[in-house]
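**Q** Show me the folded form of this:
(one chain, ligands or ions: 1)
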Amino acid sequence: MVSHALISVVDLRGRVFGGDQFVFEAVIALCLDLAAEPCRDQLLPGYEAVTQAECEAALAARPPALINLSVLGTLKTPMCRPAGEPLTVEEVADGVFVHKGHIAEPDRANRGDVANLGFIVGDDSVAVVDTGGAPWVGEGLWRAIRKQTSKPVSHVILTHLHPDHVFGTGPFAFTGAEIVAHVGLSRALADRQAAYRQSFETLIGIESVLGTNVPPVTIAIDKEMAIDLGNRPVLVKAWPVAHSLADVTAFDTSSGTLFAGDLIFHRHTPALDGRLMGWQAVLHDIEHMQVTKIVPGHGGPALDWPDGLADMNRYLKTLERDTRQAIADGERLGDAVNHIAESERTAWVLFQAYNKRNATVAFTELEWE
Ligand SMILES: [Zn+2]
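**A** Now for the predicted structure:
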């Protein structure tokens, strides 16, 4: 039994703030190069204060280590200002908060805020699960956490390597949080990071991408590990290739909430970037876990158990069945992708953007089986 009802923000002098009360924070202007524009104010987490003077005093007493930021652009002098907007979050279980991303492709309107993110509050510390598609999303998540609790963020769990889930990680590195991910994430992300960054620059705009930095993974998971947040164990489990090359889930045992990352999609068409048969096997294993609620990577933000798995299972089964039929009929890939899983079209958003790609991956995988 865990009680997290008493959540308020208490500063070092024991005063309560947060909620609607004004809070100051430290930022640093980060510009693309010496020519200045474009720039963005990057949050320096950990200097939140009730007054501007206290924020400035904290900056003077503990100057931020800017070494990692300096490689990303030209830095101005850190300064304090009224705090920016927190992300909206919903408490889906006692002490478990989720921000629901837009069900859309990343674009200039949503600025990369298209994935579900969340955090779990223990007696001693907080674990973040995914950080969003741009630094500003991670910063908004930090503020949302600070509205709920002053406890430190001890862990940032990255469910997989896709940019909409990890490009907001940079701000959390300042707080000294452990970065937890699948043992295969670092290498896979190193291979793809430049391409992801370039595509996000085009999709959401350079101003939003500026300062994007995924800090190194400090805890690599190859099987399973329990993280202790203080009377609140969170089980992080690494899975074989499924949705992607490097999927983990985070299971809050106190509430029975499973953060599934993109192993489970809701409303948003599933995206296959790993192995179709591997994904189905993983979902089969997940079905046998003792779960009360699922937080999917997109949609939701919280699904009932086990009904929340039904759409995913049906889609992947249909994808497999139609692909096997096309291969048995001797169809060519280019023709087959036009009808594979077509019966699923009306059940999902963004079907056009993802289904053909999924069919291509499935066909290539099953053709050589
Ligand atoms: Zn994904």
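
**Q** if you skip the residues just before and after it, what's nearest to D33?
**A** The spatially closest residue to D33, leaving aside those adjacent along the chain, is T74, at 5.9 Å (CB to CB, 6 or more residues apart in numbering). C-beta here means a position set from N, CA and C on the backbone, and glycine is covered the same way.

**Q** And for L276?
**A** Nearest residue to L276 in three dimensions, chain neighbours excluded: A362, at 4.7 Å (CB to CB, 6+ apart).

**Q** Adjacent strands (with direction) for the one helix or strand S154 maps to?
**A** Remark: S154 resides in strand 153-157, with elements defined by DSSP states H and E. Next to strand 153-157 in the sheet, as set by DSSP bridges, lie strand 126-129 (parallel), strand 178-182 (parallel).

**Q** quick one: which of the ones you listed is nearest the ion?
**A** When these are compared for distance to the ion using CB to the ion, the nearest one is strand 178-182, at 12.4 Å.

**Q** Report the distance from that closest one to the chain centre.
**A** From the chain centre to the centre of strand 178-182 is a distance of 12 Å (CA atoms, centre = their mean, to the nearest Å).

**Q** Any chance you could list what contacts that strand?
**A** The list of residues contacting strand 178-182 from outside it, by CB atoms under 8 Å, 6 or more residues apart in numbering, reads 154-158, 160-161, 169, 172-173, 215-222, 225, 227, 236, 238-239, 246-248.

**Q** From these, list the buried ones, please.
**A** The neighbour-count criterion (16 or more other CB atoms under 10 Å) marks 154-158, 160-161, 169, 172-173, 215, 217, 220-221, 227, 236, 238-239, 246-248 among the contacts of strand 178-182 as buried.

**Q** So which of those residues reach the ion?
**A** Checking the buried ones among the contacts of strand 178-182 against the ion by CB under 5 Å from the ion, not one of them is in range.

**Q** Inside helices: which ones of the residues you listed?
**A** Secondary structure from DSSP state H places F172, A173 of these in helices.

**Q** L316 reaches M277, doesn't it?
**A** No. Checked against CB atoms under 8 Å, the pair L316 and M277 is beyond contact range at 9.3 Å.

**Q** out of those two, which sits in the busier spot?
**A** When neighbours are counted by other CB atoms under 10 Å, L316 and M277 differ, and L316 comes out ahead with 21 against 16.

**Q** Can you give me the neighbour number for the residue of the stretch 201-350 of the chain found nearest the ion?
**A** Per CB to the ion, the residue of the stretch 201-350 of the chain with the smallest distance to the ion is D262, at 3.4 Å. The local packing of D262 (other CB under 10 Å) involves 27 other residues.
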